[in-house]
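> Mind looking at a prediction? Sequence and model below.
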Amino acid sequence: MVAAGTSQIAAAHSGELAAVVIVDFVADRDLSIPREAGSDEGLWARLRQSARRVGTRAVFPSKVRGEILDDHTPFARAGVPAIDLIDFTYPHFHRTSDTLDKVSAQSLDRVGETLVDMLGRLARATCRRA
């Protein structure tokens with residue numbers, strides 16, 4: 001589901017962005033985040049490279065799941081490389097059963113470590129020095 005202001009933010013700022021990463025449902029105890037079909041393949045490849053470097057590759061399998069409309073969609077449509085990290089199989093998705101006993105700090109850490117590596121490398125590759 002695309003949040004109310006995401007389309008406006010994408011329209012106003014897409015020219016300023018090198019990439020967009022949406023992080024959603026990434027603390028499942030049984031975490032598996034395949035590439036969502038609407039996510040940018042090149043940016044996803046960078047994510048998988050980072051996962052390999054930090055030892056979290058199993059969290060990001062090479063398979064592809066169907067496209068969903070989410071907060072990355074307006075950015076992708078505006079030409080910004082965007083990926084949506086979302087565990088499609090999280091059984092408590094938007095339910096009252098989505099409580100802290102269903103999530104894992106280790107899963108959250110694995111995603112975080114991967115993103116720290118990927119975003120750091122992306123920043124060094126795209127940010128201009130003054």
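Good, I have the coordinates.
> For residue 57, list the residues it contacts.
For residue 57, the contacting residues are 48, 51, by CB atoms under 8 Å, 6 or more residues apart in numbering. Any C-beta I mention is one placed from the backbone N, CA and C, and that applies to glycine too.
> Could you measure from it over to residue 78?
30 Å (CB to CB, to the nearest Å).
> Who does the most centrally placed residue in the chain form a beta bridge with?
Geometric centre of the chain, nearest residue: residue 85, 2.9 Å, by CA atoms, centre = their mean. Beta-bridge partners recorded for residue 85 (DSSP bridges): residue 23.
> so it touches residue 26, yeah?
Yes: the criterion here is CB atoms under 8 Å, and residue 85 meets it with residue 26 at 5.6 Å.
> Need the residues touching each of those two.
In terms of CB under 8 Å, 6+ apart, residue 85 and residue 26 are both contacted by the residues 33, 111.
> Residue 63: how many residues sit nearby?
8 (other CB atoms under 10 Å).
> quick one: least confident helix or strand in this structure?
helix 6-13 (a mean of 87; mean pLDDT, DSSP states H and E).
> pull the CA atoms of that one into CSV?
The C-alpha trace of helix 6-13 is given here as CSV (Å, rounded to 0.1, in the frame of the first residue of the first chain):
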residue,chain,number,x,y,z
THR,A,6,4.8,9.2,-0.9
SER,A,7,3.6,10.2,-4.4
GLN,A,8,4.0,13.9,-3.5
ILE,A,9,7.5,13.3,-2.1
ALA,A,10,8.5,11.3,-5.2
ALA,A,11,7.2,14.1,-7.5
ALA,A,12,8.9,16.8,-5.5
HIS,A,13,12.3,15.2,-4.8
